[in-house]
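How does the following fold in three dimensions:
(one chain, ligands or ions: 3)
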Amino acid sequence: MREHPAAQLRERGTGPVATAVAHPNIALIKYWGKRDEHLVLPRTDSLSMTLDILPTTTRVHRDPEAAHDTVTLNGRPAEGEALRRVIAFLDLVRDRSGLPHGSVVASENTVATGAGLASSASGFAALAVAAAASYGLALDATALSRLARRGSGSACRSVFGGFAVWHAGPDSGTGAEADLHSYAEPVPVGDLDPALVVAVVDAGPKAVSSRAAMRRTVHTSPLYEPWAVSSRGDLTEMRAALLAGDIETVGDIAERNALGMHATMLAARPAVRYLAPATLTVLDRVLGLRRDGTPAYATMDAGPNVKVLCRRTDADRVAEAVRDAVPGCTTRVAVPGPGARLVDGAGR
Ligand code: ADP
Ligand code: DP6
Ligand code: CO
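Ligands and ions are numbered 1, 2, ... in the order given. Sure, this is the predicted structure:
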């Protein structure tokens, strides 16, 4: 039987090992659409909350003798596009470090992969931090955010804890100069005690990746430009509402921004529809909660699952109401969580 590559490396004792943990983030102002596919430069700014639950742990073991990368994702060898994305990411790190070495990468998500619950965000934030350490790149948080962005745009926000804004960078810019101007940073927040109730109605992988769906939307949806324009105004209003600690306004803006994003996809050709019947049932329930006086607001990403923004003190009741509305729906309550960080091999 062939020995597992990681065990071989341990025996030879070559190459540094680094392990990182990162959490998913959920955008209140969405990133939807790139202006540069290669550099992962977005069309608009976006703003998110990093969660305190559902972390990804990624271990990178650089081997000076390896010409190729070996990648396992959730205990299985990565294949196809998932493998290509990790290798392309490591190529960037190899370029910058000047070390051509291959690596053994093992990543475990606790969030469902490809279900619209931001696995690419926690996944590439953790990979950026672990790979940078393993290849000896001394990067500050801003540089790590830029790097994580190259793996998956939303990942640049998971480098930071709490609330973060991702600057698109100057409108016209592309190339190396534009790369420098597009990164996330923490957002100041006033007296807000928020929770996001993560309501999972379907944990299965999406049929169309976020990447492909946003590309199709930008290229074919007549509603894309109007949404992008209005999203800029949403971001300005959102920053003010966060500073003011005004959860009703924060929720209201987040909900309209997300529904608008889904409208752009529904108008794409062919249409991209992530919203399922159960999604709409949760939306109705959230509306009912609001009518009864509980501030609760929904946001959905590239998948059928819903995240409900509410006060932390209302979160258990909101979660129960959502579960009651949809048979089989499971919920988790998240509050603002930490940024991506290096841990020891045991994940501490
Ligand atoms: P999601 O809604 O989960 O972010 P995406 O379509 O944006 O879905 O991205 C899913 C893809 O992200 C996966 O198919 C895989 O290519 C990549 N991905 C997810 N988790 C990881 C991880 N831990 N490490 C590396 N890549 C990952
Ligand atoms: C709907 O960051 O997953 O979740 O950059 O192509 O990897 P790529 O896309 P990704 O897109 C996330 C889209 C979203 C909104 C958001 O997180 O802002
Ligand atoms: Co994603």
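
Where does the prediction get shaky in the stretch 201-348 of the chain?
Residue ranges of the stretch 201-348 of the chain with pLDDT under 70: 346-347.

need the helices for it, in chain order.
Using DSSP state H, counting those that start in this stretch, the helices of the stretch 201-348 of the chain run over 210-220, 224-244, 247-266, 277-291, 315-325.

Most tightly packed of the ones you listed?
helix 247-266 (a mean of 21; mean count of other CB atoms under 10 Å). Heads up, the C-betas are built off the backbone N, CA and C, glycines and all.

Can you name every helix or strand that that one contacts?
Under the contact criterion of 3 or more CB pairs under 8 Å, 6 or more residues apart in numbering; DSSP states H and E, helix 247-266 touches strand 25-29, helix 210-220, helix 224-244, strand 296-300, strand 306-311.

what's the angle between the last one and strand 25-29?
Here strand 306-311 runs at 80 degrees with respect to strand 25-29, directions being taken by axes from the mean of the first three to the mean of the last three CA atoms, to 10 degrees.

Likewise for the longest one?
With the same axes, to 10 degrees applied, the angle from helix 224-244 to strand 25-29 works out at 100 degrees.

Just the residues contacting helix 224-244, thanks.
Residues external to helix 224-244 that are found in contact with it (CB atoms under 8 Å, 6 or more residues apart in numbering): 28-30, 32-33, 43-47, 163, 165, 187-190, 192, 217-218, 249-250, 253-254, 256-257, 260-261, 263-264, 267-268.

residues near the closest residue to Arg94 other than its chain neighbours, how many?
Excluding the flanking residues, the one nearest Arg94 by CB to CB, 6 or more residues apart in numbering is Pro100, at 5.7 Å. Residues near Pro100, counting by other CB atoms under 10 Å, number 11.

Could you measure from the residue positioned nearest the centre of the chain over to Arg323?
Ranked by distance to the mean C-alpha position of the chain (CA atoms, centre = their mean), the top residue is Ala121 at 2.8 Å. According to CB to CB, to the nearest Å, Ala121 and Arg323 sit 25 Å apart.

Which elements pack onto the helix or strand where Ala131 lies?
Assigned by DSSP states H and E, Ala131 belongs to helix 119-134. Counting contacts by 3+ CB pairs under 8 Å, 6+ apart, helix 119-134 is packed against strand 17-22, strand 56-63, helix 80-97, strand 102-109, helix 141-151, helix 155-158, strand 341-343.

is it up against ligand 3 anywhere?
Yes - contact between helix 119-134 and ligand 3, assessed by CB under 5 Å from the ion, occurs at Ser120.

Give me the angle between that helix and helix 80-97.
30 degrees.

which ones are touching the residue nearest to the centre of the chain?
Contacts of Ala121 by CB under 8 Å, 6+ apart are 22, 24-25, 152, 154-155, 157-158.

if we look at ligand 1, which of those are close to it?
Counting by CB under 6 Å from any ligand atom, Ser152 from these sit close to ligand 1.

Now flag whichever of the contacts of Ala121 is closest to Pro338.
Ala22 (8.9 Å; CB to CB).

Might you report the residue contacts of that closest one?
By CB under 8 Å, 6+ apart, the contact list for Ala22 reads 55-56, 58, 121-123, 125-126, 129, 155, 158-159, 339-341.

Show me just the buried residues among the residues you listed.
Buried members of those, counted by 16 or more other CB atoms under 10 Å: 55-56, 58, 121-123, 125-126, 129, 155, 158-159, 339-340.

Need the nearest residue in space to Gly175, chain neighbours excluded.
Leu39 (7.6 Å).

list the contacts for that neighbour?
Leu39 sits in contact with 150, 174-175, 178-179, 182, where contact means CB under 8 Å, 6+ apart.

Below-threshold pLDDT in the stretch 51-200 of the chain: ranges please.
172-174.

Tally up the residues packed near the residue in it that ligand 3 sits nearest to, please.
Proximity of the stretch 51-200 of the chain to ligand 3 (CB to the ion) peaks at Ser120, 3.2 Å away. By the criterion of other CB under 10 Å, Ser120 has 25 neighbours.

how far away is it from Arg317?
Counting by CB to CB, the gap from Ser120 to Arg317 is 31 Å.

between the buried ones among the contacts of Ala22, which is nearest Thr299?
The closest of these to Thr299 turns out to be Ala121 (CB to CB; 14.2 Å).
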